[in-house]
Structures are given as C-alpha cells and as structure tokens.
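[1] next input, structure requested:
(chains A and B)
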Amino acid sequence: MVKVLQPGFYSSIQDLGRYGYQNYGVPLSGVMDRYASTIANTLLGNTSDSPVLEITMAGPILEFCTSTLICISGANMEPALNKTPIQNNKALEVKRGDVLSFGKLNCGFRAYLAVLGGFQTASVMGSFSMYQGITNQISIGKGDELTIHSIPSPAKKRHAVMRVNNDYLKANSLGVFKGPEFDLLSEEQQKALWSTTFTVSKYNNRMAYQLEEPLENTLAPIITSLVLPGTVQLTPSGQLIILMRDCQTTGGYPRILQLKASAIDVLSQKFAGNSINFKLRNI
Amino acid sequence: MPFKLSYKRFGEQAILVEWPKHIDEDILSDLLLFKKKLTTHYEGAAVQINHAYNSILIDYERVNFRFGDEVAALKQVYKTNVTESRLAHNLWKIPVCYNKVFGIDLEALSEVKNITEEEIIQRHTKVTYTVYFIGFLPGFLYLGGLEETLHMPRKATPRLQIEKGAVAIGGNQTGVYPNASPGGWHIIGNSPINFFDITKDCPCFAKAGDRIQFVPVDLKVYEGIKALVDAGVYQLESEVLHG
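    Numbers count the residues shown, from 1 in each chain, chains lettered A, B, ... in the order given. Model prediction:
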C-alpha cells in the first residue's frame, strides 16, 4: 500500500485507456504521455498497460507501506527518496516506510510513477484510468491509500538498462496529418498553420489544449461527428483546440489536423506559455 | 438504397467513413446496418467502431492495418446483402417533470417564443424522438425530431453547472444531461431516470435507432419515481418497434 501524504497539484491513476465504451459516449482516457509511462513500466518488467500514477506539474509526497520496486519517467521533477535525490528512468527498490517526494519542475510537465505490478486501484469498465463520473475519484487525495502488490523483501534486483531519449521533452514541433476538414481551409489559412508559432494557453488539461494565436476562420461548424485524442479543432472564433486523452467522443467543430501519436506525447509535456508548431507528415 | 460513401484516413490509426452531410433517418438506418455488418466483420479483433449523425469511425489503434487494403474490405462489406436488414428498436417513455423547480428557463423561453409554457411542454412531449448516437457526455443521447417552433440558439454564456437529469433545448436539438455538467442549453424540466449506469454491462438503456418520448409527470410522481430509481427497482416503460 502507498499512503498519500500530499497529492501534489494533480495526480491520477492512468493506464492505456478505457476501450469498448465509446459508443456510450465514454472517453478513452489513459496516460497523456505513453512514451514515458511505457518506459517506466518496461524498466520494472511490467506490461505497458499497467496502471501508473500520472503526476502533473508539482509532485506528491508518498509513503510506501509495502516494499516494492519503482521507476519514474517523463518530466524531471527532482524526485527524492527519503530526501536523497534519485534518477528518472531507473528501477529502484523502496522499503516499507520510505518516503518519495518531488522538488522543482525542471523539464516537461507530467511525470509517471510505476510500481512493480502496477497500482491496484478500482477498475471500472476494463480500465483503471480515473475519469469524472466513471471512477469514484478523479485524482488522488491526501490520506488516500493506494493498493499495490507486496513483494518479497529483499526484492529481486532488476538490472534492466534502456537507452531513454529525453529529447522529446524539449521538442516543440508536432508531427501532424491532414484532418477530415483540412481541405476546406483556404491556401492562406493552410500557410498560416505551418508558419505560425503557437503558444499553449492557460486552458490546457487532460481533455484539451487550447492555443493562444487564433487562425482567421470562415468555416462553418460541421454536423456533429467523431473525434479522437490528437484531433485539432478550429472553433468559429478561430481558436485552435487540440483534443487530448480525456476528450469527448464527438464534436461539432471542423477537424483540421490530426496529431501523430508521438506528438500527443510531446504536447503532454507542454504547459501554458510554451511554444509549438505543426509539421505536416506523410503517412 | 446504397449511398455514395467517402473513406478518409483519420490519423495513423483510423478510417472515417462519411455519408452525405444531412441528418436524416434513411442515413441513420443505412449507417446502423453497415455498422452491424462491420461489427460481425471485425468480431474478435481489437477494433473500435463508433458512429455519429453521418459518419462511422473505425479505430485500428491496437491492430496493424493497411489503409488501401482495409478500405477495399470495407467497401466489400458495405455491398454485402444481409437478408435480415431490419433492426428492432425500442420506444422508451421517459418521465419528465416540467415544474418550475426544474424548468428554470421555461418562463424566458415562453416570452421569447411568445407561446405559453403549457404549449411548450405540449409540443415537447407530443413528438417521438429518434436516438441518433451517444456522445458529448457518457450517456448523452443525440435526439432528432425537435419541433421547429421550439428551436432556440444556445445561451451566449453557458451555465457552469447543469443538474443531472436536466431536460434542455439547444439550437435544433433537445436532450437530457446524464450527469451534472457545464452547458449552454435552455433547461425546461428534469427526468428522474438514470441515462448512464456504470454498474451495468450496457450502461445506457437506449441505443442508436431507438425512439424516445417524454411523458410529463408532476412533482409528486417525479419524487416517487426518483425513489424507485435510487433503490434500483424502477422499470422504465418501453415497447418494441419493428423496422
């Protein structure tokens, strides 16, 4: 069991998402940055869909009441075990009574904490991912006790070594494909899309990232149709909205671009004020 | 009658199939029939199929696929005839309390439209609505059939909190909020029914193609139904429609 002494800014349990219920209007959810969560899980020998703790902006303080192995990946938030700094992307043994804390946000926006076997919180509709109206909690709270597997002590040592490329944390180029309504854009609008450096607005969360710079828009809304995480919508006021993992299943704004899966990982590590630009890719 | 469909690639992982850009029941029937055939075609594969008014999205995220080959296969499936082509649908009778306690925008709507509140309720309840799909929120039914005299542009500033069960009008649509949520629609009543139940395998009682009729109930009946719903013993009234 892991006791939450402080929850941090916003920390929630996520896996790879809730599949099979989109026909009922249920969002896919799941970790924002799949690259990071997969590294953390893989270094522990977990399957990549094992539930992890997604930590946003400022980290929690957690007390381990069970010995286990942990691995942190994604954003660098100066993690420390019993106040001694530890590294990201490295499997570490923690013992009963150890306290994990985080410091300053140095790079990126979301860190992932994996534990051996994954967090064992409530699974609803085939997924551990927390989401309003589906799971009882939408994020972890002070005093919560998160169930984890107990492992025999001392833990079997893991010597997994993996080359982890963290360059994506600093990247600001998002690979995109044309969306279903892209061809309705004028040549000038298309040009503006490729040449503008956009700024992430303060309206950014697990549902969507809004961008500050508007794109002059003359497109009418569409008949409500289907959207996916990574869909870039253009609102009547010219605002660009990039849908993320907790997005609705349908939407009525023109879908002008679709992010590459890896670009969702890149954007997940961005916050208000960060710059991004779009780069058209061929499939 | 077959429609001319377009097949578009939607990112790395999905194909979007589109019908002509209208909202109508012929498209809905054709689309639901295609969707049913696709569900059989992809049985056992980790492929997600979802639909809206005039499109189907097939998400291959968890399987390998080649766009060209897959579109050819989809076109073949669309052409396949199935003998049993009529899908059975339910007509659901949804109790709604239009009392002012809930219908907080009834008065304003009545003034703008210059029709009495009774007339609004009468026009809202006499129609049988068609369920096109579920989206926006878990359990939110997109309904077609709202009478034109009740069409009303969305509020310029959405409310931060709309109650669970709120029955509302927005643009040319009407619907029920399955859970509390922000929203810009005009609220005319409330239904005590659960539109989304996570404890059930099928969390929504209604499905695309079903029909919905709103039945007006007074506050006392509303409270009675609500108590039964909360206790998990309320039986929603419905009948089976064929074709």
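
[2] okay, now the domains of the chain?
    This is for chain A. Chain A breaks down by automatic domain parsing into domains covering A:2-165, A:171-280.

[3] I was thinking of chain B, sorry if that wasn't clear
    Split by automatic domain parsing, chain B gives B:6-79, B:88-242.

[4] beyond the helix ranked longest in chain B, next helix or strand please.
    Determined from DSSP state H, the single longest helix within chain B is helix B:25-41. Going down the chain from helix B:25-41, the next helix or strand is strand B:48-51, by DSSP states H and E.

[5] that next one pairs with which strands, parallel or anti?
    According to DSSP bridges, strand B:48-51 forms sheet pairs with strand B:55-59 (antiparallel).

[6] contacts for stretch A:127-138, please.
    A:12-15, A:17-19, A:26-27, A:29-31, A:51, A:118-119, A:121-122, A:124-125, A:139, A:144, A:246, B:137-138, B:179, B:196, B:198 (Cβ atoms under 8 Å, 6 or more residues apart in numbering or on different chains). Every C-beta, even on glycine, is put in place using the N, C-alpha and C of the backbone.

[7] now that stretch: average pLDDT?
    Mean pLDDT, stretch A:127-138: 95.

[8] in chain A, which residue sits nearest chain B?
    Of all residues in chain A, A:T250 sits closest to chain B, at 3.2 Å by Cβ to the nearest Cβ.

[9] dump the residue contacts of B:L38.
    Applying Cβ under 8 Å, 6+ apart, we find B:L38 in contact with B:I49, B:I56, B:I58, B:L74, B:V77.

[10] okay, and the beta partners of the third one?
    It stands for B:I58. Counting by DSSP bridges, B:I58 is bridged to B:I15, B:I49.

[11] that one - how many residues pack around it?
    Close neighbours of B:I58, defined as other Cβ atoms under 10 Å in any protein chain shown, add up to 24.

[12] can you tell me which residues contact it?
    So B:I58 contacts B:A14, B:I15, B:V17, B:L38, B:Y42, B:V47, B:Q48, B:I49, B:E70, B:L74 (Cβ under 8 Å, 6+ apart).

[13] measure the spatially closest residue to the first one that is not a sequence neighbour to A:L243 for me?
    The reference is to B:A14. Computed as Cβ to Cβ, 6 or more residues apart in numbering or on different chains, the closest residue to B:A14 that is not its neighbour in sequence is B:D59, at 4.7 Å. Distance from B:D59 to A:L243, counting by Cβ to Cβ, to the nearest Å: 14 Å.

[14] I'd say A:A75 and A:A111 touch.
    Yes. The pair A:A75 / A:A111 is scored as a contact, 4.3 Å apart, by Cβ atoms under 8 Å.

[15] what is in contact with these two at once?
    Here A:A75 and A:A111 share the contacting residues A:A36, A:I55, scored by Cβ under 8 Å, 6+ apart.

[16] tell me which of these two has more neighbours.
    Comparing A:A75 with A:A111 by other Cβ under 10 Å, the one with more neighbours is A:A111, at 30 against 26.

[17] and the more buried one, helix, strand or coil?
    strand (DSSP: H, G, I helix; E, B strand; the rest coil).

[18] which residues are in contact with B:H22?
    B:H22 makes contact with A:I223, B:N54 under the criterion Cβ under 8 Å, 6+ apart.

[19] now do the contacts for the residue of chain B found nearest chain A.
    Among all residues of chain B, B:G135 sits closest to chain A, at 3.2 Å; criterion: Cβ to the nearest Cβ. Each residue near B:G135 by Cβ under 8 Å, 6+ apart is listed here: A:G25, A:T224, A:Q248, A:T249, A:T250, B:A52, B:Y142.

[20] looking at pLDDT only, which of the residues you listed scores worst?
    A:T224 (91).

[21] in strands, which of the contacts of stretch A:127-138 fall?
    A:S12, A:I13, A:Q14 (DSSP state E).

[22] which bits of the stretch 151-283 of chain A sit near chain B?
    A:177, A:179-180, A:222-226, A:228, A:230-231, A:248-250, A:258-261, A:283 (Cβ under 8 Å from any Cβ of the partner chain).

[23] quick one: which of these sit in helices?
    Checking these against DSSP H, those in helices are A:A261.

[24] restricted to buried residues, select the residues of the stretch 151-283 of chain A next to chain B in ChimeraX.
    One line in ChimeraX is enough to select the buried members of those, burial here meaning 16 or more other Cβ atoms under 10 Å in any protein chain shown:
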select /A:177,179,180,222,224,225,226,228,230,231,248,249,250,258,259,260,261
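
[25] columns neighbour count and distance to chain B on top of the ones in strands among the contacts of stretch A:127-138, output as a markdown table?
    Shown next, in a markdown table, are those (neighbours: other Cβ atoms under 10 Å in any protein chain shown; distance: Cβ to the nearest Cβ, whole Å):
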| residue | neighbour count | distance to chain B |
| --- | --- | --- |
| A:S12 | 24 | 17 |
| A:I13 | 25 | 16 |
| A:Q14 | 28 | 16 |
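
[26] in CSV: those, plus pLDDT.
    Output for those, formatted as CSV (pLDDT from 0 to 100):
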residue, pLDDT
A:S12, 98
A:I13, 98
A:Q14, 98
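
[27] could you save the residues you listed as a markdown table and add columns showing distance to B:L150?
    Output for the ones in strands among the contacts of stretch A:127-138, formatted as a markdown table (distance: Cβ to Cβ, whole Å):
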| residue | distance to B:L150 |
| --- | --- |
| A:S12 | 40 |
| A:I13 | 43 |
| A:Q14 | 41 |
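
[28] so who does A:T197 touch?
    A:T197 makes contacts with A:E213, A:S275, A:I276, A:N277, as judged by Cβ under 8 Å, 6+ apart.

[29] try it again at 10 Å.
    With contact taken as Cβ atoms under 10 Å, 6 or more residues apart in numbering or on different chains, A:T197 is in contact with A:N172, A:E213, A:S275, A:I276, A:N277, A:F278.

[30] wait, which of those is closest to B:D26?
    Using Cβ to Cβ, A:F278 comes nearest to B:D26 of the contacts of A:T197, at 38.2 Å.

[31] pull the number of nearby residues for the closest one.
    A:F278, neighbours per other Cβ under 10 Å, totals 22.

[32] mind listing what the residue positioned nearest the centre of chain A touches?
    For chain A, the residue nearest the mean C-alpha position is A:M32 (1.8 Å; Cα atoms, centre = their mean). If you count contacts by Cβ under 10 Å, 6+ apart, A:M32 has them with A:14, A:54, A:56, A:74, A:109-110, A:112, A:205-206, A:229, A:244-246, A:264-265, A:267-269.

[33] can you give me the helices in chain B?
    B:25-41, B:67-79, B:106-113, B:117-126, B:219-230.

[34] redo those as a markdown table? Include mean pLDDT.
    Output for the helices of chain B, formatted as a markdown table (pLDDT from 0 to 100):
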| stretch | mean pLDDT |
| --- | --- |
| helix B:25-41 | 95 |
| helix B:67-79 | 96 |
| helix B:106-113 | 96 |
| helix B:117-126 | 97 |
| helix B:219-230 | 96 |
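
[35] and of those helices, who's closest to A:T68?
    Checking the helices of chain B against A:T68 by Cβ to Cβ gives helix B:219-230 as the closest, at 40.5 Å.

[36] still on that earlier bit, now the buried members of the contacts of A:M32.
    Counted by 16+ other Cβ under 10 Å, the contacts of A:M32 give A:14, A:54, A:56, A:74, A:109-110, A:112, A:206, A:229, A:244-246, A:264-265, A:267-269 as buried.

[37] return the subset of the residues you listed lying in helices.
    Per DSSP H, those map to helices at A:I264, A:D265, A:L267, A:S268.

[38] what's the most distant pair in those residues?
    Going by Cβ to Cβ, the pair spanning these furthest: A:D265 and A:L267, at 7.5 Å.

[39] common neighbours of those two, please.
    Common contact partners of A:D265 and A:L267 (Cβ under 10 Å, 6+ apart): A:M32, A:D33, A:A171, A:L259.

[40] the last one: what's it in contact with?
    Just to be clear, that refers to A:L259. Neighbouring residues of A:L259 by Cβ under 10 Å, 6+ apart: A:174-177, A:179, A:228-232, A:242-244, A:265-267, A:278, A:281, B:11-12.
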